[in-house]
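[1] the following block contains a protein sequence and its predicted model.
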Amino acid sequence: MELEKRKEILNQIYQIYDDFISKYDLACKKGCAACCTRNVTLTSLEAYGIVEDINQGNKKDLFEALNVESKRKRFLPKVTINKMADLCSREEDLPEEETADPTWGRCPFLSEKTCPIYESRPFECRSFCSYINCEEEGVADIDPFIMSVNNVIRQYIEHIDSYGVTGNLTDMLLHLGENGNTEILRKSNDSVGENLLNNHPASVLMIPPEHREKIQELITTLQNIKLD
Ligand code: SF4
Ligand code: SF4
């Protein structure tokens, strides 16, 4: 499927998620930034929109922040969510992965509690959510059903970017920016960049039994996304 079409589908997924999450009375709001850490991961499809935003908005200094960031410790995923779902469904071992630690530091883009790429921010940033203010309380209070929905949405996004890659925001954007790529097209089973993982289609959705009935309406909405 063409890149433009996939970007359109991604925007529709974001809209479906916004409509879903707006029904919850959460503490999250623009300018609340305790969850903005350097551990954010995303797919290449989400990254194309961010690179466009950076280039069109004359925000190229953000790449300098990423270059500095690339020397710092950050979360580097070892498995994508669709690969994880596949391994779990076959009761196979998952690769060992360090737990993302928020104390490693804040997102390289964060400035005065503001996100300079807010409109194009990836799904992980859109899905930070808590009933209580994490900055004041020191912890988040996350609804388990929202976590299930977040996982399913992540699986759909990876699915429509099956020929792309997943990685930390810093690694992904540096890879795209440095090479001037407008699209990563994987031509073999080799990953296209250091610290980037190959994406996979969703073979099974990770939904706990107690949420399977409740989540069906959202899944139907996702399946009904119009391509024209
Ligand atoms: S997850 Fe916590 S820190 Fe992030 S926006 Fe929500 S309340 Fe604020
Ligand atoms: S990209 Fe923006 S929303 Fe996401 S963690 Fe960084 S500053 Fe926060």
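    Right, received. Where do you want to start? Ligands and ions are numbered 1, 2, ... in the order given.
[2] and the worst-scoring helix or strand of the chain on mean pLDDT, which residues are buried?
    The helix or strand of the chain with the poorest confidence is helix 169-179; it has a mean of 84 (mean pLDDT, DSSP states H and E). Within helix 169-179, the residues scored as buried using 16 or more other C-beta atoms under 10 Å are 169-177. All C-beta spots, glycine's among them, are computed from the backbone N, C-alpha and C.
[3] please name every helix or strand in contact with that helix.
    Using 3 or more C-beta pairs under 8 Å, 6 or more residues apart in numbering; DSSP states H and E, the elements in contact with helix 169-179 are strand 41-43, helix 44-56, helix 61-69, strand 165-168.
[4] contacts for that helix?
    If you take C-beta atoms under 8 Å, 6 or more residues apart in numbering as the criterion, helix 169-179 is touched by 38, 40-42, 44, 47-48, 50-51, 54, 63, 66-67, 69-70, 74, 76, 107-109, 122, 165-167, 181, 184, 192-196.
[5] contacts with ligand 2 among the residues you listed, please.
    Under the cut-off given by C-beta under 6 Å from any ligand atom, ligand 2 has 40, 107, 109 from the contacts of helix 169-179 close to it.
[6] ok, and the closest non-adjacent residue to the first one?
    Spelled out, that is residue 40. Distance criterion C-beta to C-beta, 6 or more residues apart in numbering; nearest residue to residue 40, sequence neighbours excluded, is residue 169 at 4.5 Å.
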